[in-house]
Structure formats: structure tokens, C-alpha cells
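# got a sequence here, can you model it:
(2 chains)
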Amino acid sequence: MIRVTNTTIFDRITTQLSQQQARLAETQEKISTGRNFLRPSDAPDQVAALDRLESTVRQTERYSSNIGRIKDKLSLQELAITSMNNDLTRAKELMVQGANGTLNAASREALAIELDSIYTNLIAIGNRKDVDGSYLFSGYVQDKAPFDASKDPLVTPFSEFYAGNDEIQKIAVDDGYTIDAGMPGSRLYAGFESASGARTNLFKVLKSASEALKADDGAGMTTAIDDIDNALTHINVRLAQVGSKMRTAENQMSVLTDRSATLEQIISQVEELDYISAVTELKNQTLALQAGQSSFAQISNLSLFNYIK
Amino acid sequence: MADLLSIGTSGINVYRKSLSTVGNNIANVDTAGYSRQTHETIQDVQDGGKITIGSGVLTDRIKRAYDSYATGAYRNSTSLLTQQDALYSYARKLENVLGDKNMSLTSATDRFFAAAHDLSISPSSTTAREALLDEGVAVVERFKSLSSQFAQIDNDSFVEIENRINELNTLSKQLAVVNQSLLQKADINTQPGGLVDQRDQLLQKMSSLVSISTSQKDNGVVTVYLGSSASGNTIVDVTTARDLSVERNANDPEKINFILDPFGKPTVVDNMSGGTISGIRDFRNEALTQARINLDVIATGFMNAVNEVQKTGFDASGEFGRDMFVVENATDRVASVMKMALSGGDDIATGAPLMINQNGSLSALKLSSWAPPSVNELNAGERSIQSVWSSDPAASIAIDAGDTPAFVIQGNSTRDLSLSIDESGGAVVQVFTRDGRHIFGSDLENDASLVGIMTKGNGFKTDVTGYNNTYLNANELNSYKDAFEITTDPQGVKTLNIKGQITDDLLVFVTGNGTSAEFSGAWYPPEESLNKQQMVSSVRIDFIDSSTYTITDETTQTSIATRSYSSGDTIELNGWKAVLENTPVQGDRFTISLNTAARGDNRNMHVMTALQTDRAVFQGRGNFSEVYSDLINELGSVVVQSSISRDAQQVLTDEAKQARDSVSAVSLDEEAADLLRFQQAYQASAQVIQAANKLFDSILALR
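Predicted coordinates:
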């Protein structure tokens, strides 16, 4: 038979009471913070998983913001190309008018002046900038504007006329997945053939058109009209490409949004406290503590000395 | 013969002592380490002749309720408990440091990569460049502050160990004093109970600091040993107390040594176990060290990965990038001495080293990857032009297309040439100087191919007098240079070694019917930069039809190769690889050359941002955030483990204490009953005296 001494009784009770209080305090902390895990040791693998999930959420947000920038860029390109389209259509009209043999020198001069101003506008469009201040149509070259109005495209080969380079800027929209967001000036303004089959560029075409108009060169003007047609087809192909990239970007955006929503849901399932069960547990633990305390009060009163008077 | 009076008196005396003993027990009910005392009595027997009547009661001794096994078991349990407790509480401290979301390494590296993404969108933006540098500094700061938290815990734990060791030394000295008092008597049963209790209390306190074993003499004097067996290092040897001390290891300040008798005959103690001291030591050696190692692995991995990306890309000034992070001191923990090595945003290597000029082609060629080549390999029918090694472009050679040297080694920038030539493909390598001296290869005196080789178009001087084979393969007196040497290894690979500065340009040709020859070389300046130079040498790709293209060296306008192409093929040379976006047509021309617009180029930034999810950085274990999560996970597991162990040990220790208390502790109810009992016995003995008195009175009353 074990001898139970006073020290044993008191030791045991104090240990049990303090354990119960510790558990109660922990449950209370969970309830007040609303989180299942207060520190890694509560559930090491869950906490580690949470860390990773949150990191992935941040990455997804990162990619979404990248897509925003891509859409900005592509919108600006779309705007520019639409503007060019209008300009070239107008240029074609002017040339058609000019090719009509009934005009006099002064009228042709007037047409040429408008044609020249279209040329200047195209240069200006080519030198447009993105929201962050970089040139839209310059490839990677950023220290100078891609097009210079003072150069003569009939004399200077395009590789010298165009100060930018041919590189297309890629922007990441997911792990290992990038979208070509850039449009180098060489791709937009050059890369198509003239009516005669030679490779040419927009500025050369317009300059030749203007010269032909001023010189009243009928054959030249007819060639110029065909060349302008080729140019229009070319930039519309580019416009369509910009449009399809826009759609790709938007599709990816909704993929990312869905992913983000799923991740957030998983995170909250793992991390957020189930209040109902937590409060129930709190009640149970409180009850246990109270029972322990009141039984201690009763037991501690028992002593033979109470009866020996 | 004892009379009634003396018997009664003996009873009174004895029961007074019994009552005092009971009173003592009651008074000491809460004294720690008190062992219950009982007054043992024996009969007083005197020889009486024919019949013997007992003479009363005598005190035998004061017996101390004591079970040495239970006491010993309680001591051992205590050692194990305090060890787990110390481990647990320090592991919790460490966990609080690492688990704090504000200290999370992942959030700092995520911000770094977010800035890299921003930079990849606007590579020419000064703001974006500066932002990446700032985030790089923030990552370094985060590593450093985690590191200093660890250092703080290191320090705190060391100070606590020192304090505990001092406590232990004090206890040892006190025990020696108690031993001294115990020496006075010969038998433990005659020792004062309080003294032995004091001895046991000291032993108990010592065992909470470190595991001890004891050996006891008959009079209760105890010798205390460190560790679990009663042999080896003693800290109390009867009346001698030996001090312990702790110091940091001279070679590795993170480790600690325990020294016994530091001011007498210092001995290193390696069998300390149990107790708070071992618990803290175990924490330091295991959890803390492991956390430090893991952090360093992450720091090194991050640093090396980012630096690699920097060095393969071009910075804003069009040169290969430098290391972004360096360590100030190679012997310290990496995480504590990392430093940002770049000074300005322009040092960030956002660009690729090459750019491709599309020349208005209808299809588009895009660079997909690049890496400096380590070996110059020639395929059948191909040439490699490595003509521009020196920084003087005027030193290039005008060569007629069709008759070409394989490559040229520039004299004024070459030292300590070591050229390995593998002719197992059947080709023969011939090395000439520009003035016609044949210094390596097979004798061409009567060989028809000599005529085709020694032409001005191939780089030979206009006034070359003729073929000169005096120096051919010559090593000694007649050699081209004193330091000329040819060695052949068992596989048949020849190495041409020329030490010192080479003043002549060397022309290298490949002749014969073989399919290929392989060259690798070590040049001065270091091969690494020469290989990088080779990677960026200008080449031109021309499509002669949609399934065939030629590669031409732009600097010398010499043809390198003609290859066939089918859709989806990679075009590669000199270490770079490129792909075509759509079907090429005749006349498409692409020029690959040194990137002069690296400032606005973001291709290397994509490589940088890809690091965030790259698992290869840590040999497939995971990417940065996963490896860091693992670190936290590991630590959390240590805490859980030690918490479970501690709780289990707590139960065992409680039971051991109960077992000891069950023997030695005071039960008030018991004492209350004894009090009553001895009171009655005392009163009864008093009555005996009263009766004896009455008897005597009746004798006195006789007249």
C-alpha cells in the first residue's frame, strides 16, 4: 500500500491545476487571434505549408500586375497602329487624287504638303513612349529615339535609319511562360515587300510617294499607291497580332484570378480557427478547471486535526 | 531490579522524546527534502537472577525514513527532466525568432524577386534598377538580423550555462562541508537525521543541474561523480570540492568545453549528461547549430544563384555583370557577413550578351539561351574563327573566302598557351607562323595541300619566302621558342605548350580526310573571359532556302558552316542557342553580335526571376521559400518532440518523487494519530509514577 503524504497530495493538485490553466490559456489565445496555429510547433508541417501557399499567392499577384502592364503596353501599341492606319488610308486617298491627271501644280503641291505632314506624324508615332518612359517601338535601345525626321529614307538603308534594334521584349505571366509584349520599330514599319518585290519600309514608301507627287510622276504615283496598300496590309497584320496577344493576356489573367481564389480558400481552411469547436473546447476546459479547483478545496480541508480537540 | 518508579520515569522520558519527534515531524511537514523521523525504543533489560522483570524502556535511536533507491531514482529522473525542460525552453525561444512573420526570410526574398519582375518590365528605368538594389540590401539585412538573433541566443545560453556551473560549484563546496561534519561519526545510523537530509538536498539540487552518481561510505560520507557511472571525474571527493568551468572552444567559438579543476589540473570533461546544463548544451550543439547551418545553406544558395545570373548577363554599360553579393570574411557564418557588392543600378545585369539583328527578314530569330562554351568543337566541314582575341580590332585579318585557316591565335594577347588537339577524327592539325614557319603537325614538304594553305588569303605575309619546316615539332635547340613542348596522353590527345608571351600570331589549319578535330585551350588571359569573348563574336546566318542556312564570321567574312534546317530546330554556335519563330525563306538574314543596347534589354532578368521557383538551386530539395519553410518545420518538430519528451519525463519524475515521498514524507494524519498515542502513553506512564508514589505513601504510613 502506498503511503500518500500531504506533499504528494498538494504536489499532484498544483501540477494538474497548472496544466489545465495552461491549456485553457492556449485555447483562449487561439480564439482571440482567430488562428489555428499560433506558432510553428503547434503543427510544424501545416505552418510550413501555409508559408509556401502565401508565397505562391504573392507570386500570383506579381504575375497579375505584370499582365496589367502588358495590357497597358499593348493598348498603346493598338492606339498607335490604328492611328497609323488612318494616316495611311488618308495618304492613299491623297495619292489617288494626285494620280488623277487633272490637277495643277499648286493643287498637287497642297496634297504633297499634307502627305509630308502625315510622314512627320508617322515619325512622331514611332517615337512614342510607354507609361514608364521607355520607347515603345525601339526594341532594347533606350538611350535615343528610334526615328529621326532629318534622315532621308530613300538614301539611308533602314538599318541605319532606324536607331533601335529588333529585339522583342518578353514579360513573364507565369512560371516559365512569357508573352511577347514588345513591338520593335523594324517589325512594324518594315518587313514587307513593295509592289516590285523588294523589301521596303513605310518611310521609304511615303517619301517616294511624296517625291512622285511633287514630280508629277504618274508611274511612280501608281507604284506608290500599290506600295501603300502593301503597307496597310502589313500593319493590319501587326494590329491583329497585338489583338491576339491582348486576348492571350486576358485569358492568363482569368487563370491567375482563379488560382488566387483557390489558394486563398485553401489558406483560410488551414489557417482559420473553427470557432464552434474552439469555444466548445474552451467551455470543457473551464469546467474541468473549476472541478479541479473545487475538489482541491474540499480535499485540502480534510485533516485528523480537525477532529482532535 | 528496577522499581515501579524508575520504570514509570523511563516511560515518561521516552514518550517525551517521542512526542518531540512527532512535533518535529509536524513542524517540518513542508520542509523540502525532510525525511520523517521515528523515535525507536527498546526494552531495558537487566539481569535479575531467577526471574527477570523488565526495567522499562530506553531510546534506541532516531530512525530516519529513507529509501536510498527511491531517492536515487528521483535524482536521476530530475536530471532527465531538467535536461528536457532546458532544451524545450530554448527551442521555443529559437522558434519564436524564426516563426515571427516579420522576420520571415521568404517575405524578403519575395520582395527581391518582385523588384526583379518590375525591372524585367522596365529595364531601362533607373528607379526600377535602384529598387532592385534596395531589395537586395534588404535581403542581406534580413539574413544578418536572423543571424544576430541566433548570436544573441548563443550568448544568452552561454551566460546561463556559466551561471549554472557557478551554482554547481557552490553546491559542491557546501557538500564538502557537510561531508566534513559527517566524518565525525562512524555509522550512518548514528548521524543526525537533519545532516543527512541536508546532504541529500544538496545532491538533489546538483542533479537538477547535471547528472551525477554517488558512492557512499558507511558513515554517510559521499563522493560525487559526473555522469551515470560511479567512476571517473569527481566533483566532490569526500572533503575536496573540485570546480567546473565552461569556455568557448578556441577553434570554433560556437562550441563549448567543460573544464574540471580549471585552476589546478585542468581536464576536459566530455561525459556531462543530464540536467539543465546538458540540456542547454544539447540545444546549442543540435538545434541552434542546425538552424545556423540551414540559414547559411540558404544564404549561400541565394548568393551564388544570383551571382551566377549576374555574371552571365550584360549590365547597362554592355559588359558582363559582377557578383551582386559577396562575403566580407570567409571564416564567419555566411549569413552574418553577406554584403551587397554593387554600387549602382547600372551594375545590374539585365541584358543578354548578344543581340540579333533581323535585317528585315520575314521570319524572326530569337535567342533562347546562352552560356560561354568550354570547348571549341568543329563539325565536319566547319571552321571556327576565333580571330578577335585581342582588344585591337585592327589586328584582324582580311581573308579570301574559301581558303581559310581553322583559327588564329593572336600573338600579342597570348601567354602560356596550352592547346589540346584531339585528332581521333582523322584530321591533322598544322600550326604555322605568318612568315611560313611550320611549327606543329605533319611535314608538308611534298604535300599538295601546302599550296592551298600558304596563301596571303589565309593570313600569311605577302613576303613569305617559302615553306620552312626547320622548327617542325622541334623541342630543343632548333625549337620555335625555348618553352615549346608537345606532349601526348594515353588517349592520343596531343597538347602543344608554349610558355611565356607569344609574339607571333599562329595560324591553325586542319587538313586530311578526317571528319573532325577537337580543340580546347588554356590561354592567358583566363579561359573564362576568352570563352565569353568567343560567345559574343559576330556571326551572320543566311538562309539560302527554307531548309538550308550558312553561318559566316562577320569579322573576317569567312564561312564557318553550312547546315540544314527543319522546322523546330535550334540554331546554335559558340554557346548560344536560338529558335526561329516561323518558317524562314530564301534571303532571310540574321546577324548575331555583341549587345550594344543592354540597358533596355530584359532577357537576363527573366533568368533572374525564374530563380524564385527554381528547385535546382538546392539540388532539387525545393526553391527558396520551400527550403526556408523546411527549416522552420524542422525547428517546430524539435520543439514538439522535446515537449512530448518533457511531458513524459514529467510524469516519470512525479512518480519517482511520489515513491520517495511515500517513504520519507510526513503525513499529518499519521502524526496526529501518533501524537494522540504518545500523549496517552505519556499520561499512562505518569499514572505509573502516581501509582508508585501511592505505594510509597502507604509504606510511609506504616507506624
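# all helices of the stretch 101-250 of chain B, in order?
When secondary structure is read from DSSP state H, counting those that start in this stretch, the stretch 101-250 of chain B shows helices at B:105-121, B:126-182, B:193-209.
# how many residues are close by residue B:248?
By other C-beta atoms under 10 Å in any protein chain shown, 13 other residues sit near residue B:248. C-beta coordinates here come from the backbone N, C-alpha and C atoms, glycine included.
# what of the one 10 residues further on?
Here the number of neighbours of residue B:258 (other C-beta under 10 Å) works out to 23.
# go on, the one 3 residues further on?
Using other C-beta under 10 Å as the criterion, residue B:261 is surrounded by 17 other residues.
# for the chain, which segments count as helices?
Going with chain A. Secondary structure of chain A (DSSP state H): helices located at A:6-33, A:44-99, A:105-126, A:158-161, A:185-189, A:202-214, A:218-271, A:275-300.
# my question was about chain B
Along chain B, the stretches classed as helices by DSSP H are B:4-27, B:68-99, B:105-121, B:126-182, B:193-209, B:275-283, B:289-312, B:334-337, B:449-453, B:527-535, B:603-610, B:624-664, B:668-700.
# pick the most deeply packed of the helices of the stretch 101-250 of chain B.
With neighbours defined by mean count of other C-beta atoms under 10 Å in any protein chain shown, none of the helices of the stretch 101-250 of chain B is more surrounded on average than helix B:105-121, at a mean of 23.
# only alpha carbons, please: show that helix as PDB.
Once non-C-alpha atoms are left out, helix B:105-121 reads as follows in PDB (Å, rounded to 0.1, in the frame of the first residue of the first chain):
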ATOM      1  CA  LEU B 105      13.100  35.300 -44.900                       C
ATOM      2  CA  THR B 106      10.600  34.400 -47.600                       C
ATOM      3  CA  SER B 107       8.900  37.800 -47.500                       C
ATOM      4  CA  ALA B 108      12.300  39.500 -48.000                       C
ATOM      5  CA  THR B 109      13.300  37.200 -51.000                       C
ATOM      6  CA  ASP B 110       9.800  37.600 -52.400                       C
ATOM      7  CA  ARG B 111      10.200  41.300 -52.400                       C
ATOM      8  CA  PHE B 112      13.500  41.000 -54.100                       C
ATOM      9  CA  PHE B 113      12.000  38.900 -56.900                       C
ATOM     10  CA  ALA B 114       9.000  41.300 -57.200                       C
ATOM     11  CA  ALA B 115      11.500  44.100 -57.800                       C
ATOM     12  CA  ALA B 116      13.200  41.800 -60.400                       C
ATOM     13  CA  HIS B 117       9.900  41.400 -62.200                       C
ATOM     14  CA  ASP B 118       9.400  45.200 -62.200                       C
ATOM     15  CA  LEU B 119      12.900  45.600 -63.600                       C
ATOM     16  CA  SER B 120      12.100  43.000 -66.300                       C
ATOM     17  CA  ILE B 121       9.200  45.100 -67.400                       C
END
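# mean confidence score for it?
Helix B:105-121 shows an average pLDDT of 92 in the prediction.
# would it count as contacting chain A?
Yes. In terms of C-beta under 8 Å from any C-beta of the partner chain, part of helix B:105-121 sits within range of chain A, namely B:106, B:110, B:113, B:114, B:117, B:120, B:121.
# pull the most distant pair out of those.
By the measure C-beta to C-beta, these have their two most distant members at B:106 and B:121, which lie 22.6 Å apart.
# quick check, pLDDT for residue B:326.
We have a pLDDT of 93 for residue B:326.
# that one bridge partners, please.
Per DSSP bridges, residues listed as beta-bridge partners of residue B:326: residue B:339.
# please tell me I have it right and it contacts residue B:342.
No. With the criterion set as C-beta atoms under 8 Å, residue B:326 and residue B:342 do not qualify as a contacting pair; they are 9.8 Å apart.
# neighbour count winner among these two?
Shown here are residue B:326 and residue B:342; by other C-beta under 10 Å, residue B:342 has more neighbours (22 against 14).
# pretty sure the more buried one is touching residue B:133, no?
Yes. Look at residue B:342 against residue B:133 with C-beta under 8 Å: they come within range, at 6.2 Å.
# mind listing the shared neighbours of the two?
A shared contact of residue B:342 and residue B:133, defined by C-beta atoms under 8 Å, 6 or more residues apart in numbering or on different chains, is any residue touching both; here these are residue B:348.
# export the helices of chain B to CSV and append columns for distance to residue A:35.
Putting the helices of chain B into CSV (distance: least, C-beta to C-beta, whole Å) gives the following:
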stretch, distance to residue A:35
helix B:4-27, 52
helix B:68-99, 12
helix B:105-121, 18
helix B:126-182, 23
helix B:193-209, 36
helix B:275-283, 27
helix B:289-312, 24
helix B:334-337, 29
helix B:449-453, 80
helix B:527-535, 52
helix B:603-610, 32
helix B:624-664, 15
helix B:668-700, 48
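# wait, which of those helices is closest to residue A:215?
Checked against C-beta to C-beta, the stretch from the helices of chain B lying closest is helix B:603-610, at 46.3 Å.
# residue nearest the centroid of chain B?
In chain B, the C-alpha nearest the mean C-alpha coordinate belongs to residue B:293, at 2.1 Å (C-alpha atoms, centre = their mean).
# okay, now residue A:191: neighbour count?
Around residue A:191 there are 24 other residues, counting by other C-beta under 10 Å.
# residue A:268 too?
9.
# CSV please, covering the residues of helix B:105-121 next to chain A and showing distance to residue B:43.
Conversion of these to CSV gives the following (distance: C-beta to C-beta, whole Å):
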residue, distance to residue B:43
B:106, 83
B:110, 89
B:113, 93
B:114, 94
B:117, 99
B:120, 103
B:121, 105
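# and for the closest residue to residue B:196 other than its chain neighbours, the neighbour number?
Excluding its sequence neighbours, the residue lying closest to residue B:196 (C-beta to C-beta, 6 or more residues apart in numbering or on different chains) is residue B:220, at 5.6 Å. For residue B:220, the neighbour count with other C-beta under 10 Å is 22.
# tell me the contacts of residue B:220?
For residue B:220, the contacting residues are B:182, B:188, B:191, B:196, B:199, by C-beta under 8 Å, 6+ apart.
# right, and the pair among those with maximum separation?
B:188 and B:199 (10.1 Å).
# can you name the residue of the stretch 201-309 of chain A nearest chain B?
With C-beta to the nearest C-beta as the measure, the residue in the stretch 201-309 of chain A that lies nearest chain B is residue A:304; the distance is 3.8 Å.
# am I right that that residue is in contact with residue B:674?
No. Taking contacts as C-beta under 8 Å, residue A:304 lies outside contact range of residue B:674: 10.4 Å.
# what number of residues lie near residue A:263?
The local packing count at residue A:263 equals 16, with neighbours defined by other C-beta under 10 Å.
# and for residue A:131?
The burial count assigned to residue A:131 is 12, neighbours taken as other C-beta under 10 Å.
# not counting sequence-adjacent ones, nearest residue to it?
Sequence neighbours aside, residue A:72 is the residue nearest to residue A:131 in space, at 5.5 Å (criterion: C-beta to C-beta, 6+ apart).
# how much space between that neighbour and residue A:235?
According to C-beta to C-beta, to the nearest Å, residue A:72 stands 21 Å off from residue A:235.
# measure the residue lying closest to residue A:185 once chain neighbours are set aside to chain B for me?
Distance criterion C-beta to C-beta, 6+ apart; nearest residue to residue A:185, sequence neighbours excluded, is residue A:137 at 4.0 Å. Look at residue A:137 and chain B: by C-beta to the nearest C-beta, to the nearest Å, they are 12 Å apart.
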